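Enquirer: Let me see the structure of the following:
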Amino acid sequence: MRRRVMGKTGTRCARLNTHAPKMPMDRSGRSVDVFNMPSKIEATRWLTAKLLHQIQILSCDLCEFTVWDVPDHCSPFWRLYWHDKRGAEIGLAGKTVPIRPGVLFLIPPNTHFSSRLINPVRQFFLHFLVEPHYRAAPDTVFPLRATPAQKDCCRRIVAAIKRDTSDIGLSLLSQTLIADALLQLPRDGWAPRFEDPRITRAAETLQRNYPAKTDTRTLAREAGMHPTSFIRLFRECTGHTPLAYLTNLRLEEACSMLHYDEATLDEIAEKTGFGERGYFTRIFTRGMNCSPARYRKLVNVSSRLRPGV
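Expert: Predicted coordinates:
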């Protein structure tokens with residue numbers, strides 16, 4: 001196999017844009033409280049199904065790094081790292097955390113961290129989105145000691161990438177690994193998604209119509225609430241104000257398009273609801289710590305797994 005040697009910003013990304021079937025419900029049609037189910041195995045099965053329904057994989061690849069010195073990473077998506085040996089570390093909140101072999105590193109969205117390479121390493125990574133949101137403390141990473149099943153899953157994914165395959169097996173293995181890792185996080189960090197049907201409806205409206213102009217007052221009126229009360233409850237349920245939630249949706253789609261679409265920045269700005277390119281660039285740069293053009297170069301667009309291919 002021809003190895004891909006990556007420098008500071010070199011990554012070759014493959015898209016796995018997949019959604020699993022909807023989460024099953026109980027006989028009355030209501031969603032299930034997985035933490036109060038009688039069987040731990042059954043609860044795990046239900047929770048895994050729920051998370052799989054809401055996982056969207058943005059990129060999955062295997063890279064060899066000779067340089068990985070980046071002063072500030074930040075993205076609106078989750079990151080999962082798996083390294084084959086010692087040699088890399090990340091800086092977080094004034095602390096240095098080594099990335100060790102046999103450990104899955106989960107990094108939540110909007111986490112600021114630096115990276116440094118001491119010796120060349122091979123990195124398997126996944127970038128993905130997940131709903132509901134996880135309310136991690138600011139500047140938090142989760143080093144998770146991999147189980148034998150997770151190690152086997154990583155080996156199978158890496159083998160599939162080496163074969164340069166993009167079949168359903170790679171997609172399902174990646175989703176399984178992500179769901180299994182997320183199940184190891186403290187359960188109280190997950191933002192309740194159905195605690196108030198008015199906020200659920202508002203969030204779903206934003207998810208469907210994120211490119212359109214949205215007025216908080218309109219959302220509040222549709223929810224039958226005063227705007228101030230609506231914004232407060234929306235933040236309690238989602239961890240964001242409606243405007244911040246909408247901006248994150250647009251940034252997520254912009255990142256996806258910059259990864260895998262050949263559209264111009266003007267077209268991306270228009271399609272994601274930012275409208276004018278200058279405004280899009282300002283918001284993107286503030287949220288991602290690099291311009292859209294720079295981000296597109298960093299991710300090194302791959303056509304291996306584009307949607308519809």
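
Enquirer: can you give me the helices for the stretch 1-150 of the chain?
Expert: For the stretch 1-150 of the chain, applying DSSP state H, counting those that start in this stretch gives helices covering 40-53, 148-162.

Enquirer: Going by mean pLDDT, which of these comes out lowest?
Expert: Note on the helices of the stretch 1-150 of the chain: helix 40-53 shows the lowest mean pLDDT, a mean of 41.

Enquirer: Let's see stretch 222-233 as PDB, backbone CA atoms only.
Expert: Only the C-alpha atoms of stretch 222-233 are listed here, as PDB (Å, rounded to 0.1, in the frame of the first residue of the first chain):
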ATOM      1  CA  GLU A 222     -45.100  29.400  17.500                       C
ATOM      2  CA  ALA A 223     -44.100  27.900  20.900                       C
ATOM      3  CA  GLY A 224     -46.700  30.100  22.600                       C
ATOM      4  CA  MET A 225     -44.100  31.800  24.800                       C
ATOM      5  CA  HIS A 226     -42.700  35.200  25.500                       C
ATOM      6  CA  PRO A 227     -39.400  35.600  23.600                       C
ATOM      7  CA  THR A 228     -37.400  36.000  26.800                       C
ATOM      8  CA  SER A 229     -38.900  32.900  28.400                       C
ATOM      9  CA  PHE A 230     -38.400  31.000  25.100                       C
ATOM     10  CA  ILE A 231     -34.700  31.900  24.900                       C
ATOM     11  CA  ARG A 232     -34.100  30.900  28.500                       C
ATOM     12  CA  LEU A 233     -35.900  27.500  28.100                       C
END
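
Enquirer: in that stretch, what's buried?
Expert: The neighbour-count check on stretch 222-233 (16 or more other CB atoms under 10 Å) flags 223, 225, 227, 230-231, 233 as buried. Placement of C-beta: from N, CA and C, glycine included.

Enquirer: what's the answer for stretch 149-156, then?
Expert: Buried, per 16+ other CB under 10 Å, within stretch 149-156: 150, 153-154, 156.

Enquirer: Show me which pair in these is furthest apart.
Expert: 150 and 156 (10.7 Å; CB to CB).

Enquirer: so where is the stretch 201-309 of the chain shaky, pLDDT-wise?
Expert: Within the stretch 201-309 of the chain, the stretches with pLDDT under 70 are 298-309.

Enquirer: repeat that for 90
Expert: Within the stretch 201-309 of the chain, the ranges that satisfy pLDDT under 90 run 203-204, 207, 213-215, 235-240, 244-245, 248-249, 251-253, 255-262, 285-291, 293-309.

Enquirer: Please enumerate the helices of it.
Expert: In the stretch 201-309 of the chain, the helices defined using DSSP H, counting those that start in this stretch lie at 216-223, 227-238, 242-260, 265-271, 277-288, 292-299.

Enquirer: Give the single residue among the buried residues of stretch 149-156 positioned nearest to residue 60.
Expert: Using CB to CB, those come closest to residue 60 at residue 154, 11.3 Å.

Enquirer: Confirm for me that the closest one is in contact with residue 146.
Expert: Yes. With contacts counted by CB atoms under 8 Å, residue 154 reaches residue 146, the gap being 7.0 Å.

Enquirer: Report the set of residues contacting both of those two.
Expert: Counting by CB atoms under 8 Å, 6 or more residues apart in numbering, the residues touching both residue 154 and residue 146 are 82, 104.

Enquirer: Could I get the contacting residues of residue 125?
Expert: 11, 59-61, 63, 79-82.

Enquirer: Bridge partners for it, pull those for me.
Expert: Beta-bridge pairing for residue 125 (DSSP bridges): residue 61, residue 81.

Enquirer: Neighbours of residue 139, how many?
Expert: 14 (other CB atoms under 10 Å).

Enquirer: What is the neighbour count of the closest residue to it other than its chain neighbours?
Expert: Distance criterion CB to CB, 6 or more residues apart in numbering; nearest residue to residue 139, sequence neighbours excluded, is residue 93 at 4.2 Å. Applying other CB under 10 Å, we find 13 residues neighbouring residue 93.
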